[in-house]
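Colleague: Below are the sequence and a predicted model for it; my questions follow.
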Amino acid sequence: MGTPFLKSDQATQKRPAGFLSLFTLTATVPGIQVNEEYEFEGEWVDHPQYGKQFKASKASLIQDDSRDGLITYLSSDLFYGVGPKLATTIVDTYGLDAINLILADPSKLTAIGLNERKTKEIHAALFEHRGMQQILIKLYEWNFTPAKALEIYQLYGAQTIPSIEANPYALLLQVERLGFDNIDAVAMRLGIAKDDPNRLQALVYDIIQQRFLNGDTYALVEEITTDVQRRFAKESATVKESWLQEALKHPLLHVEEPRVYAKELYDAEVAIATRLRAFSGSYEQDLSSVISESEDQLGIAYSSDQQTAITTALQYPVSVITGGPGTGKTTIIRGMLFLYQKLHRHLNDVALLAPTGRAAKRITESTNIEARTIHSFLGYDFSGHYEFGANNKRQVKFVLVDEASMVDTLLLSRLLQALPDECQVVLIGDVNQLESVAPGQVLYDILQTDVAKKVFLEKIYRHDNSFLFDVAYAMNQGEYDPNLFVGDVQMIACDTHSISEEIQRVTKELTAQGTRMDDIQLLAPMYKGAVGIDALNVDLQQVLNPVGASVTFMGQQFREGDKVLQLVNQPIDGVMNGEVGRIIEAGKDVKVDFEGVIVTYHRSDLMQLKHAYCMSIHKSQGNEYDVVIISLSMSYKTMLQRKLLYTAATRAKKQLIFVGDPRAFQYAITTQVEPRKTTLQQRLNS
């Protein structure tokens, strides 16, 4: 077999025999493998930096079905432990159809003397590098991105192509953010009629889902109708009213004129309103003497608003405590738990919860009491099933949820339904931070009603990092004062083209001064672009971890020592979406250490990882870092808004550094988005 004439990025490769010089070929091909031969279709282009190169739009694996070709293929590096001798035995025994025979029946390998382990390894490699590759290339031909192609393949496996051909629109319900247009283009190529009921239903569902990406829990019927008609007008067609009404009967939708909800979001809002009124737990005795005792034992002098927060949490069925950084939320949590233990002699019926694993760990470290994620508390198995719910409640009496601004409508609904009526519920968070990624704004909505007793913390008590708090407060007021950038808060002004260079310089200085790499976190709002998260990760990798054994997958080079982010929940291995680890081995497999939990990734699993030298602000929420560096550019304009930048800045514990355009800072803190469209307030007030 030959050498592939491709890399996933710009790379100079030898031309096939008959060509006299080198050329550059660019393309994006899923599953490309060394020691395979490919045929490319495309055109010659003139790149302003790299000159003349071949831009491929399609790639096909060239099959070599000769005896020598099969032996060479099977004895290549693709199949660990298969040498020329074993490859020859396989081909001579089963002929030129050996691969298909083994794929269909792996026992063919045990029949020639291989043990069970070797048989499984070879069969798995054959399936991955032959079957998977052909499916991924077909998906690429249908214009799915490599990442989405892999996600689809992991969903359907060997049945990927026939499943899509049967009903491509089903993908909208199973793969996030795929987009109706992408699927519709595939459907049209497959000859599916434009008035197919599945098509209109999928279009309506997609329109609603797109609106949910903004965090809304409903869309207006008028908006949906307009969007559908606009789409059909582009096709010089009209949509019948009866078609639209039928599409709105989709079992996953709920219509409450003039609004259309995803049914689960509608049910969740109703459940939240019902459950928050149902809780009856309380402690009505005077707590002043117990608070004095806790002050003596903990060595703390609570202020009046801290005392109010603690007693409110213990005396009312539902309470909400909100405040910014430095307002004493952690101190209050410790006080609540101490008083509860004093009053009840134990903490056996207390649940200390947070929306993310990292946030839960941080509470555990600050209170010395084990905190859990809400998902873990509810017994979620990450396949859609919750052990605890309305019909199987947790036996607890006091539930405290920290970082409540991150909790979405569905999750809060599931939590509240799993709690008994006699329970007390305390929600603690910063309402000025970003809302949940998923639909809803539950902390904000509850604060607008009287369903809970509310405490607003405004006074800042910690003074060791007062500059950080001053900046955060000013940002929250929409104020830009250059005099605030002093001490441990810096503004390094530069143009967009210099941002990466300045960040690299600052990072080098920090590490040279002894700051650990794990204590520095770069944050940016967007993934794409010259100063997007992806590009900044590449640049910082060269600064912080430039050499070492590595594995390249879909354009990313994973190197031993790299800081990486887990992108999906993987409960079997004990690692969840958003956790950060360190690559400790990059060879045949990649091994990552997530603070003592070692996870092994096969090559096809690497889509679950992303470099974490730079992270999105959303992914950082719930975490804290000694040093936070924030990239600022007007190229982020569509994302810049006050809550986003405020959330990023409040991740810093000791030092906060802005790098980039001060105009981007000013634009962000003076830009506020409209509250999300929800009906939770309305339900709570009715």
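Modeller: Sure, I can see it.
Colleague: Grab the nearest non-local neighbour of Tyr646.
Modeller: Leaving aside its sequence neighbours, Tyr646 sits nearest to Met475 (C-beta to C-beta, 6 or more residues apart in numbering; 5.0 Å). The C-beta positions use only the backbone N, C-alpha and C, and glycine is treated the same way.
Colleague: Could you check how many residues crowd around the closest residue to Asp195 other than its chain neighbours?
Modeller: Nearest non-adjacent residue to Asp195, counting by C-beta to C-beta, 6+ apart: Trp243, 7.6 Å away. Using other C-beta atoms under 10 Å, Trp243 is surrounded by 18 other residues.
Colleague: OK, contacts around Trp243?
Modeller: Asp195, Pro197, Leu200 (C-beta atoms under 8 Å, 6 or more residues apart in numbering).
Colleague: So which of those is surrounded by the most neighbours?
Modeller: Busiest of these [other C-beta under 10 Å] is Leu200, holding 22 neighbours.
Colleague: Relative to Glu246, how far out is it?
Modeller: 8 Å (C-beta to C-beta, to the nearest Å).
Colleague: Tyr527 now?
Modeller: 38 Å.
Colleague: Backbone dihedrals for Gly581, both of them.
Modeller: The phi and psi torsions at Gly581 (degrees, to the nearest 10) take the values phi -140, psi -180.
Colleague: for it, what are its contacts?
Modeller: Lys563, Val564, Gln566, Val575, Val592, Asp593, Phe594, Glu595, Val597, Val599.
Colleague: so what pLDDT did the fifth one get?
Modeller: As predicted, Val592 sits at a pLDDT of 96.
Colleague: So Ala664 sits against Tyr636, correct?
Modeller: Yes - shown here, Ala664 and Tyr636 form a contact pair, counting by C-beta atoms under 8 Å, at 6.5 Å.
Colleague: Off-centre distance for the host helix or strand of Arg334?
Modeller: With elements taken from DSSP states H and E, the one containing Arg334 is helix 329-344. Offset of helix 329-344 from its chain centre (C-alpha atoms, centre = their mean, to the nearest Å): 33 Å.
Colleague: Just checking, which helix or strand succeeds it along the chain?
Modeller: Toward the C-terminus from helix 329-344 - assigned by DSSP H and E - lies strand 350-354.
Colleague: Specify the angle between whichever helix or strand comes after that next one and helix 329-344 in degrees.
Modeller: Per DSSP H and E, the first helix or strand lying C-terminal to strand 350-354 is helix 357-367. Relative orientation of helix 357-367 versus helix 329-344 (axes from the mean of the first three to the mean of the last three C-alpha atoms, to 10 degrees): 60 degrees.
Colleague: can I get the CA coordinates of helix 357-367 in CSV?
Modeller: What follows is helix 357-367, C-alpha atoms only, in CSV (Å, rounded to 0.1, in the frame of the first residue of the first chain):
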residue,chain,number,x,y,z
GLY,A,357,-18.6,18.3,39.6
ARG,A,358,-16.0,21.0,39.9
ALA,A,359,-18.4,23.3,41.8
ALA,A,360,-19.4,20.4,44.1
LYS,A,361,-15.7,19.7,44.8
ARG,A,362,-15.1,23.3,45.7
ILE,A,363,-18.0,23.3,48.2
THR,A,364,-16.6,20.1,49.8
GLU,A,365,-13.2,21.7,50.2
SER,A,366,-14.6,24.9,51.8
THR,A,367,-17.0,23.1,54.2
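Colleague: For it, what does the pLDDT average out to?
Modeller: 89.
Colleague: That helix - contacts with which helices or strands?
Modeller: Helices and strands touching helix 357-367, by 3 or more C-beta pairs under 8 Å, 6 or more residues apart in numbering; DSSP states H and E, are helix 329-344, strand 350-354, strand 372-373.
Colleague: Low-confidence regions, the stretch 151-300 of the chain specifically.
Modeller: Across the stretch 151-300 of the chain, the ranges flagged by pLDDT under 70 are 237.
Colleague: any chance you could map the strands in it?
Modeller: 218-220, 253-256, 259-262 (DSSP state E, counting those that start in this stretch).
Colleague: between those, which gets nearest to Leu644?
Modeller: Ranking these by proximity to Leu644 (C-beta to C-beta) places strand 218-220 first, at 23.4 Å.
Colleague: Hmm, Met491 is touching Leu656, no?
Modeller: No - look at Met491 against Leu656 with C-beta under 8 Å: they stay out of range, at 9.6 Å.
Colleague: Among those two, which residue is more densely surrounded?
Modeller: The neighbour count for Met491 versus Leu656, taken as other C-beta under 10 Å, is higher for Leu656 (26 against 19).
Colleague: mind checking how far the strand or helix carrying the more buried one is from the chain centre?
Modeller: Leu656 is part of strand 652-660, with elements assigned from DSSP H and E. Distance of strand 652-660 from the chain centroid (C-alpha atoms, centre = their mean) equals 23 Å.
Colleague: So what are the sheet partners of that strand and their directions?
Modeller: strand 489-493 (parallel), strand 625-632 (parallel) (DSSP bridges).
Colleague: Could you dump these into TSV with distance to Pro317 added?
Modeller: Shown next, in TSV, are the strands paired with strand 652-660 (distance: least, C-beta to C-beta, whole Å):
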stretch	distance to Pro317
strand 489-493	41
strand 625-632	36
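Colleague: so which of these gets nearest Thr110?
Modeller: strand 625-632 (52.4 Å).
Colleague: got the CA positions of the closest one in PDB?
Modeller: Only the C-alpha atoms of strand 625-632 are listed here, as PDB (Å, rounded to 0.1, in the frame of the first residue of the first chain):
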ATOM      1  CA  TYR A 625      -8.600  29.800  39.400                       C
ATOM      2  CA  ASP A 626      -5.700  31.700  41.000                       C
ATOM      3  CA  VAL A 627      -5.000  33.600  37.800                       C
ATOM      4  CA  VAL A 628      -7.600  34.300  35.100                       C
ATOM      5  CA  ILE A 629      -6.600  35.800  31.700                       C
ATOM      6  CA  ILE A 630      -9.400  37.100  29.600                       C
ATOM      7  CA  SER A 631      -9.000  37.700  25.900                       C
ATOM      8  CA  LEU A 632     -10.800  40.800  24.600                       C
END
